[in-house]
Each structure stands twice: as C-alpha cells, then as structure tokens.
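Enquirer: Here you go, sequence then predicted model.
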Amino acid sequence: GIAAAEVAVTGYAEIGIIRSEAGFAGSTNAQFHQDVEVTFTMSGETDGGLSFGAAIDLDETNVAAGDDSGTTVFVSGAFGKLTMGDTDGALDWAVADAGALTSMGDDHTTHLFYFAGNGLDGSHDNQVVRYEYSFGDFGVALSYEQAGNNATGTLADDNVAIGATYSMDMGGTALKFGLGYQAGSDAPTAAAVYTNGDAIGASVSAELAGGFAVSLGYIKYDFDATNVAGGAATMADFAHTGLGVTYTTGALSLHANVGHFNPDVGASDSTYGLAVNYDLGGGAVVMAGYGSDVGAAAGDQSQYSIGLGLSF
Amino acid sequence: GIAAAEVAVTGYAEIGIIRSEAGFAGSTNAQFHQDVEVTFTMSGETDGGLSFGAAIDLDETNVAAGDDSGTTVFVSGAFGKLTMGDTDGALDWAVADAGALTSMGDDHTTHLFYFAGNGLDGSHDNQVVRYEYSFGDFGVALSYEQAGNNATGTLADDNVAIGATYSMDMGGTALKFGLGYQAGSDAPTAAAVYTNGDAIGASVSAELAGGFAVSLGYIKYDFDATNVAGGAATMADFAHTGLGVTYTTGALSLHANVGHFNPDVGASDSTYGLAVNYDLGGGAVVMAGYGSDVGAAAGDQSQYSIGLGLSF
Amino acid sequence: GIAAAEVAVTGYAEIGIIRSEAGFAGSTNAQFHQDVEVTFTMSGETDGGLSFGAAIDLDETNVAAGDDSGTTVFVSGAFGKLTMGDTDGALDWAVADAGALTSMGDDHTTHLFYFAGNGLDGSHDNQVVRYEYSFGDFGVALSYEQAGNNATGTLADDNVAIGATYSMDMGGTALKFGLGYQAGSDAPTAAAVYTNGDAIGASVSAELAGGFAVSLGYIKYDFDATNVAGGAATMADFAHTGLGVTYTTGALSLHANVGHFNPDVGASDSTYGLAVNYDLGGGAVVMAGYGSDVGAAAGDQSQYSIGLGLSF
C-alpha cells in the first residue's frame, strides 16, 4: 500500500541524581537531575519507491546554513542511502563504539578516553554527508565533511572517509568486522589553526551465546608535521584503543568499557566506564553509570548518575 | 489492559489586547497580543504497575544539569508520587493560592502582593523534588530544593518543606484545609547574599453551593538577623495574607483576589486582581484580567488584558 | 458533527546544495544544506460556530509581548475573519506576489528587487492584525500594525491598510484583481529614524488554460520630505513592479519572475529569479532556484540551490 508521509512524536525523560567533577557549574557534588526531550521522526515515500525521512529534537531549532544543528535528512532507494547532517562519517559508521546501554549523564560513554570510533568527524561543523550501500553481508560507506563550509582559501582538508563492514555467523556467535579510513584536518579547539592528517581504524564485535557481547576497536591518528599556516602541528599523533563488554540476563544488563590513549610522544593513559540497566518494562529503565575520569587536570575527576530513563 | 507509553500534543493560543505599566518595553500603552504554546505530555506504565510521566512546553528546551527549565518528570505507585522539576514545594502544594480563572497577561495573579502560597520555592534554581502521599481525606507531602545545586561551601540552607491537607464535606460545602512549613534560604535578587529563614502557612478553601468558591491563606516569613556571609540580613520578616472569591453561573465566571503584605518593620500594603471568564465552548474562553499594581515604584502601576484563550 | 479542538503536527525537510554570495559566513562557495522544520497547526470551533486556530513552528518560541515571532492566531465566523501575528497586511493580502514554486534557499523570491507586494508591512515589529470579509467574488480586508508597540511619544504613524480583490472567469481564464492602499511609516534599518509615508498598489493575476499562470503587480511608495524627527527623509520615493510567469506540465513546473525598482531620484534596476520544481509524489519535490542579485554591492551577487523538498 501507499506509505503516507508522516511525523511520529516520541519522548524521553530522565529523573535521578547526577554528579560530575567537571563540565558544569556546581558539578562537584551530587545533585538532582531531570531532563525531558521530544523527538520528531519523519518518513515518506515517493511514487517511484524512494524512501525519505528526517529527524529533529525539540531543542534543535534554527539550523544555520551549512550546519548540522543535530538534525538529519536522508533519501534511500535501490541506489543505497544518502544521509546529511548530524550523522557518522564512514569511518565511524564502520568502526564499532566500545559503549553500550544508557545512563543519565552518559557517564560511561563520556570519560576522557572513551572509544567512540569517531575519527575526524566533527572537526569542522559536523555537517556530514554519508552514502552507504549494502549487499549481502557486506556494507560500504563514503562520507564527506566540508572544511570551513567550503570557504575560499581554506588550506584545511575536507574530511573524506571510506568504511566497510562484514557480518558473519560463526557457530552461533554473530561477528561483525569494520574497517575505515579518513583523511582530513583537525584542530585542538574551534579557533585554533588546523593541521591536516588522517585516521585508520578497525573493529571486531561479537554477540556470543549466553548474553555476552564484546567489542574491540582501534584507530591510529597521524597528522602532518606542520599546520596549515606553516607552523608546528597543532595536533599530535596517537593511537586509540577501546574494549567493551556487555552481559544481559533477563531484565538486567551490565556493561564495562575501557579506552586507551597512546600518543607517539609522551605517556599513555586509560579511562573506563561502567553502566547497569534494569528494564522495568513499558519504557522505564533503571540506569546507573560511572566514568572514571572526565577532566584533563591531574588526578581522576569521576562522574556518576543513577535514576530512571523513561521512553514514551 | 496495557497502557502504552505515549506523547500527547496539546496547544494553547491567545489573541487580544494587553496593557501593563511595568515589565516590558513599550508597556505603558495598550498593544496587540498573541501567543501560541504547544505542550507535550508523556505518560507510561511499567510492567509492575508504576505510572510515570513528564511534561515539557515548546519553549522549554536545553535543560541544564541541575535546573528545572519548566519541565517536570514524575513516578507514582502504591508508595505515593515523586515529582521533580518545575513543581510546587510541599508548603505551596498544601497552601491554596488565592487566584482562580485565567487571563492573557496573568494580570490577576501577577500583581505585587498576589498570594501564590509559594513559601521559599524558587529562591534557588526552582528545581524542586516533591514526594506526596494520600490516604482517605488526608494528603501529605515533603519537598526539597538544593541551595546552589549542592555546591561545596554554600552556607545557604536547602529549602526543605512539609505540607498536609485535609478535605471534608460540611453540609454540601466542600472544605479543604492546608498547612505547611518550609525552612531554607532566600535572597532579594539572584546575585545577592542569601539569608536563612523559614515560612509557615495555612489555608482554608471552600466550594459553596450556588457557584461560590472562597480561599483564604496566610504565610509568615522569618529570616535570621544576619545573612550567610555574616552581614545584616538581606531579607526582611513579613506576613502575607491572601483572599480569593470566585463565582460561576453557567458559562460566566467572576473572580477577585486581594493580597496583603505586612512587614514586621515598615508600612503594610495591599494589591488586588480581577478576572472574568466567559466560556464559548469547544476550548474558547473570553478572558479579561486586571491587576491593581504591578510595579514597585510609588503609586499604582496597573495592568489589564482582554481577549480570547483558545485550548486545542 | 462536533469539530474537536486539535493539534496537527506536520514536517518539512530539505537536503541539497546551496550557494549564495551574500547573507551568511562562508557563503561564497557551494555548500551542503539540510534543514528540518516542524509545524503545529491548531484548529477548533466554539459551540456557537466560531472557528479559531493558530500556528507555530518548532523554532518559533518565547513570543515576546507585542511581537509576532512568526506565530499567527485567528478567529472566524459569519462576521469575517480576524488574524493576528505574522500575517500579511491588507495591501499585501490584496496585491499578488510575483513568485511561485519553492526552492531550498528561497533563491527565486529573495533577490534584491523581488516583488512580494508587501507595502510597509514589517516596518515595525511585524505583528499585524488583519480583518477580512468576502462576499461572492469580492473580498475586502483592513489591517493594522502598531508603530513602536504604541509607545508614548512615537511620531511614526501606525501602518494602516485597506485592500480589495475581485475574481472572475473570462472564457476559461481565471482572473484575479487586487488593489490596496497603506499609510504608515518606515525606516531604512531598525535603529534609524522613521519617515511617514504611504503605498498604493494593484495587481492582476491569471490562470490560463494549458498550465500557464501570470501575475503582474505594481506598488508606488511615497514618503514625507522630512522624517519624524524633523530631519531629511530617511526613506526615498520609488515604484516597484513585479512580473511572474509559471508553467506546469505534469510533474514539472517552471517559474520566472522579475522585479523592477524605479526610484523617483536615481537609476532604476531589475533583478530576477528562476525556479524549477519536479514532483516525485508522496511529498517529495526536486527543487532548483536561482536569484540574479542578492547583495546591495556593485555588480551582481547571485545565489542558487538545488535539492529535495520533503513534506511530511
């Protein structure tokens, strides 16, 4: 039948206690936390069978030209799928994140060296265009993020990436392999001078019998010796490794992940995250999260949260 | 049956003429006014029978950690009900407001000494956690609002409150009594030094036969002689009394309320508000409102509005 | 039956490439563009048969008193229709725009001298109140926009307009005539001194057999020789003419419009816009647009866009 274009309205709310030693005013002690979000998910289909859709949250408005502002728009058909906006580049799309489950403060997925597999994504305005295509157990993707919105005279390279995935079953264990490469540019902060470079990464994730899931990922970042203005590079070379383990039994899920940061010059370091989810049914989940270190200062600045996540 | 989690979308709009002698640019003469609001109300139920929900308006987005931003989230069950966010503290919950009906500019409920029964609520970030429980004709509530989001070294007391209500029928007149106590801290403006203190209040409200409703409330505020920095108190002791009367006949409702401010030192003063509502059915109400004094300057700065309130 | 008050949620998204030589950072080269919007349209009916409604977009929140903020509210019945907010004044309501079709950057309807038939609308806060009434083939409207929100001492005139339309069929060609007059005030920029003046305009639009539609409009603007502060006028007299032609065959629509600016003193100039739409069905339209000059600087600063417009 005809798929009429429509807008689905869904909601999400949190209620609980949160604590972080970094990131916002008064963050050093436990405080109450509630949050409410509304998401509008749009879907439609052309007469010729192309699917299209878009998504925007209640707090994502006034999208500037050449910006993502958290929204996405896609078109898909026999040719594959094209997505624009706040979406993963092809390396991130292929390489699995170390994290799983949810927590109010995203405590377990926002620690310093959490492995999100994101490559150079977002080093510019985070408006990413990604094309993906799948055939059988294989998937491939290409992505593009303009440097400086394609401003004249920019010496910073656009972020261009390619990624591939392969899924297989090995005696009851579902395996997925990911491989990605991205060339582009990055800067330590928004106003700083960019340095061109690239990232290459791979991951393997497995869903084992008995409720276990494991994910292991690695990305190596290499930057030019000089920045785009001809001075010393503003970005340092490093390797990033992430391991995540999740166990689910009935309504209970347990997760741990560790991220390891290993610079070519200087000391390496690791941080880890923990999460526990207990599903009460009907959209309600008891969530606890912990991040071992969330501040760049000496010593560990930890964060945690415990409360309810409510989906409507 | 199963209560599926869902998001209800409702709207409200106003169209008319508004005038205020305080509060916004060009406010000294009558001007046109229209306003449109959308509210998202979420509700769900766990497998175990807990109810949960949340509410957010279209203009309430980007809730900061440790802030209410106008949203609320609740969980309720046999244990009672827990609400967090932009909600009444236990004193305000128990003590009845003097106001009734609606007006475009909230003219009748925003005059200088309007009795909202709010105690110390909102003296910090207005993120209130309230627990309530009812048994038969009795209701009790406890509430908590963190001082300075629980920042280390804050000498300002958290706002802690307890409230109780009792409802009874006396020969066709529905009576409700409210009693509340709150200890905490307040400051004259956001940046000023806090002074610790408390508030104790009571109210009685009655719905009489013949369409009359009456509400009488009283709160006494007492503050320490010194502020939390050791200087002279920044808040003065005072008593606040409010009386409201509402009469409804058919589609027409009339309301008047008066608030009386009586400081321990200095002159007392009163202001009043009036409102008329005429229900056109289908969600449309003709609304007129008046507030006798809305500015702290000498003399009375009044405000009024007349127009339509439209509920969708 | 009873028309229950309700809120309809609809969406719109764009995905494509946009380029403009004016108006936003990095605008000199082609860049990716996606945009997502949600619209809430409210409608209801009183017991007595009055219709009422309102509309607001996701990014239109926190409407200030005496401002339109993009929202509209209306009430209609046997007496006619009253609309308040971001709506056309009576001259604009009567005089047809030169533009048709859609493009991602509104490229074809935002060139320098595009004929939008808007008279003095929006010279103040763009909060317009319009009353309209139709009888047979005739329609009339009155409108009012307060100068400076009716602030005391304002010497700038309120924008007051009257408009009339007449529709007729001439051998299969649907003709519509529009005539409007507006008296009020305008200023070159928001902070500048206002000059009082008026505008008179007329238009004729025709829908011909064979898929052609044509629109021709003209407005003459005249301002006082002195501004409201007694200095030289800040606004110059000019005539504005617009011609639009649209051709539709099957799913394809082509549009061109030209706007001609002819000041009483100085050189006249013209700019034009082009648009092509191809309807894919299901709410998806391929859209291309072009504007010949969008910047006041010497030479032509053009803009264009090409992509998909998706309605949900």
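Expert: Yes, it's here.
Enquirer: could you measure the residue in the stretch 151-300 of chain A that chain B sits nearest to against C:Phe113, distance?
Expert: As assessed by CB to the nearest CB, chain B sits closest to A:Gly281 within the stretch 151-300 of chain A, at 3.1 Å. All C-beta spots, glycine's among them, are computed from the backbone N, C-alpha and C. Counting by CB to CB, to the nearest Å, the gap from A:Gly281 to C:Phe113 is 62 Å.
Enquirer: Ok, A:Lys81 next?
Expert: Distance, A:Lys81 to C:Phe113, by CB to CB: 41 Å.
Enquirer: Those two: which is more packed in?
Expert: The neighbour comparison of A:Lys81 against C:Phe113 (other CB atoms under 10 Å in any protein chain shown) goes to C:Phe113, with 22 against 15.
Enquirer: Find the nearest non-adjacent residue to the more buried one, please.
Expert: Leaving aside its sequence neighbours, C:Phe113 sits nearest to C:Gly259 (CB to CB, 6 or more residues apart in numbering or on different chains; 3.6 Å).
Enquirer: For chain A, which residues are neighbours of chain B?
Expert: Contact residues, chain A versus chain B (CB under 8 Å from any CB of the partner chain): A:9-11, A:13-15, A:18, A:20, A:24-38, A:58-59, A:61, A:105, A:280-284, A:308, A:310-312.
Enquirer: what's across from the residue of the stretch 151-300 of chain A closest to chain B in the sheet?
Expert: A:Gly281 forms beta bridges with A:Ala284, as assigned by DSSP bridges.
Enquirer: so it touches B:Leu50, yeah?
Expert: No. Assessed by CB atoms under 8 Å, A:Gly281 is found out of contact with B:Leu50, at 9.4 Å.
Enquirer: Tell me which of those two has more neighbours.
Expert: More crowded of A:Gly281 and B:Leu50, by other CB under 10 Å: B:Leu50, with 18 against 15.
Enquirer: mind checking pLDDT for that one?
Expert: Here, the pLDDT recorded for B:Leu50 equals 96.
Enquirer: In space, what's closest to it - neighbours in sequence excluded?
Expert: Among residues not flanking B:Leu50 along the chain, B:Gly77 sits closest, at 4.4 Å (CB to CB, 6+ apart).
Enquirer: For the one you found, give the beta-bridge partners.
Expert: Judged by DSSP bridges, the bridge partners of B:Gly77 are B:Gly80.
Enquirer: can you check A:Gly178 too?
Expert: A:Thr165, A:Ser203.
Enquirer: ok, A:Leu175 to A:Val140 distance?
Expert: With distances taken as CB to CB, A:Leu175 is found 18 Å from A:Val140.
Enquirer: So for the two, which sits in the more crowded spot?
Expert: Each of A:Leu175 and A:Val140 has its neighbours counted (other CB under 10 Å); A:Val140 has more, 17 against 14.
Enquirer: what about that one, which helix or strand?
Expert: A:Val140 belongs to strand A:138-145 when elements are defined using DSSP states H and E.
Enquirer: In chain A, what residue comes closest to chain C?
Expert: The minimum distance from chain A to chain C, using CB to the nearest CB, falls at A:Asp47 (3.1 Å).
Enquirer: Excluding covalently adjacent residues, which one is nearest to the residue positioned nearest the centre of chain A?
Expert: Nearest to the mean C-alpha position of chain A, by CA atoms, centre = their mean, lies A:Ala116 at 5.2 Å. In this structure, A:Ala116 finds its nearest non-sequential neighbour in A:Asp97, 5.3 Å apart by CB to CB, 6+ apart.
Enquirer: what's that neighbour in contact with, if anything?
Expert: Going by CB atoms under 8 Å, 6 or more residues apart in numbering or on different chains, A:Asp97 touches A:109, A:115-117, A:215, A:217, A:242, A:244.
Enquirer: same question, A:Pro188
Expert: Contacts for A:Pro188 were tallied using CB under 8 Å, 6+ apart; they are A:234-235.
Enquirer: That one: what secondary structure?
Expert: Per DSSP: H, G, I helix; E, B strand; the rest coil, the local secondary structure of A:Pro188 is coil.
Enquirer: any idea how far it is from A:Glu145?
Expert: For A:Pro188 relative to A:Glu145 (CB to CB), the value is 18 Å.
Enquirer: Likewise for A:Val38?
Expert: The gap separating A:Val38 from A:Glu145 is 28 Å, by CB to CB.
Enquirer: Tell me who's in contact with the residue nearest to C:Phe113.
Expert: If you count contacts by CB under 8 Å, 6+ apart, C:Gly259 has them with C:98, C:111-115, C:240-242, C:270-272.
Enquirer: Tell me the confidence at it?
Expert: 98.
Enquirer: Can you say which helix or strand has it in it?
Expert: Assessed by DSSP H and E, C:Gly259 sits inside strand C:252-263.
Enquirer: which parts of that strand are buried?
Expert: For strand C:252-263, burial by neighbour count (16 or more other CB atoms under 10 Å in any protein chain shown) applies to C:253-262.
Enquirer: and what of stretch A:180-188?
Expert: A:180-187.
Enquirer: what does stretch A:117-133 give?
Expert: Using 16+ other CB under 10 Å as the test for burial, stretch A:117-133 gives A:117-132.
Enquirer: Just confirm yes or no for that stretch near chain C.
Expert: Yes. Judged by CB under 8 Å from any CB, stretch A:117-133 and chain C are in contact via A:127, A:129.
Enquirer: Would you pull up how far that stretch lies from the middle of the chain?
Expert: Averaging C-alpha positions (CA atoms, centre = their mean, to the nearest Å) puts stretch A:117-133 10 Å from its chain's average.
Enquirer: Contact partners for A:Ser143?
Expert: Listed by CB under 8 Å, 6+ apart, the contact set of A:Ser143 reads A:88-91, A:93, A:128-131, A:159-163, A:182.
Enquirer: what about 7 Å?
Expert: A:Ser143 sits next to A:89-90, A:128-130, A:161 when contact means CB atoms under 7 Å, 6 or more residues apart in numbering or on different chains.
Enquirer: how about the helix or strand A:Gly16 falls within, does it reach chain C?
Expert: In this assignment (DSSP H and E), A:Gly16 forms part of strand A:6-20. Yes. Contact of strand A:6-20 with chain C (CB under 7 Å from any CB of the partner chain) involves A:6-7, A:9.
Enquirer: for that strand, packing partners?
Expert: Counting contacts by 3 or more CB pairs under 7 Å, 6 or more residues apart in numbering or on different chains; DSSP states H and E, strand A:6-20 packs against strand A:31-45, strand A:303-311, strand B:6-20, strand B:31-45, strand B:72-77, strand C:6-20.
Enquirer: What parts of chain A come near chain C?
Expert: Residues of chain A found near chain C (CB under 7 Å from any CB) are A:5-7, A:9, A:40, A:42, A:44-48, A:50, A:52, A:54, A:56, A:61-66, A:71, A:73, A:75, A:84-85, A:127, A:129, A:146, A:148-152.
Enquirer: shaky segments in the stretch 1-150 of chain A?
Expert: By pLDDT under 70, the weakly predicted segments of the stretch 1-150 of chain A are A:1-4, A:22-27, A:61-68.
Enquirer: if you set the cut-off to 80 instead, what comes out?
Expert: Counting by pLDDT under 80, the stretch 1-150 of chain A shows low-confidence ranges at A:1-5, A:22-28, A:60-69.
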